[in-house]
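*Asks:* need a structure here:
(one chain, ligands or ions: 1)
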Amino acid sequence: MSYQELVLKAMEARRNSYSPYSNFRVGAALLCADSRLYTGVNIENASYGLSVCAERTAIFKAVSEGAKKFNALAVACDTDSFDTAFPCGACRQVMAEFMDDETDIIVSIKSGEHRVYKLKDLLPNAFRL
Ligand code: THU
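*Replies:* Down below sits the predicted model:
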């Protein structure tokens with residue numbers, strides 16, 4: 001699957017975003033090494049701190065289904081600018097738990113334009129045990 005296709009999957013998933021408080025819709029698509037694909041959306045809560053990001057939803061879905069190796073993760077934010085399209089720090093740390101430094105993280109905006117980063121570029125010197 002091309003990264004453009006992975007971004008499209010993340011954009012499709014974004015339709016299911018539950019984000020009535022921020023109105024900031026996010027989708028994610030996680031490609032497993034065995035070719036399985038898991039999507040995720042941000043899911044907010046009236047108790048704001050309980051909200052979860054799209055990236056973590058996708059990762060937790062995959063891990064709970066037994067997926068262990070991941071090739072790439074695309075995130076699709078409903079924004080026109082890359083300034084507001086990057087994963088938050090908590091998600092970067094969760095990525096580091098399950099992905100190695102060389103894993104590609106694809107960041108995209110509303111138009112579908114995307115940029116590819118290595119996880120190590122988004123989270124240098126990641127803490128792992
Ligand atoms: N959010 C994500 O789902 N992923 C990101 O990469 C950044 C932020 C969500 C969390 C919250 O539901 C909303 O976007 C606004 O912060």
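
*Asks:* which element, helix or strand, includes the spatially most central residue of the chain?
*Replies:* The residue lying closest to the centre of the chain (C-alpha atoms, centre = their mean) is Glu55, at 3.1 Å. Using DSSP states H and E, Glu55 falls within helix 54-64.

*Asks:* and the average pLDDT for that helix is what?
*Replies:* Throughout helix 54-64, pLDDT has a mean value of 98.

*Asks:* stretch 113-125 now?
*Replies:* Mean predicted lDDT for stretch 113-125 stands at 98.

*Asks:* would it count as contacting the ligand?
*Replies:* No. Using C-beta under 6 Å from any ligand atom, stretch 113-125 stays clear of the ligand, with a minimum separation of 10.6 Å. Backbone N, C-alpha and C define where each C-beta goes, glycine included.

*Asks:* repeat that for stretch 87-95.
*Replies:* Yes. Stretch 87-95 lies within reach of the ligand by C-beta under 6 Å from any ligand atom, at Pro87, Cys88, Cys91.

*Asks:* export only the CA atoms of that stretch, formatted as PDB.
*Replies:* Output in PDB follows, covering the C-alpha atoms of stretch 87-95 (Å, rounded to 0.1, in the frame of the first residue of the first chain):
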ATOM      1  CA  PRO A  87       1.000  14.000  16.800                       C
ATOM      2  CA  CYS A  88       1.000  15.100  20.400                       C
ATOM      3  CA  GLY A  89       3.800  14.100  22.800                       C
ATOM      4  CA  ALA A  90       1.700  11.400  24.500                       C
ATOM      5  CA  CYS A  91       1.100   9.700  21.200                       C
ATOM      6  CA  ARG A  92       4.700   9.900  20.200                       C
ATOM      7  CA  GLN A  93       5.700   8.100  23.400                       C
ATOM      8  CA  VAL A  94       3.000   5.400  22.800                       C
ATOM      9  CA  MET A  95       4.400   5.000  19.200                       C
END
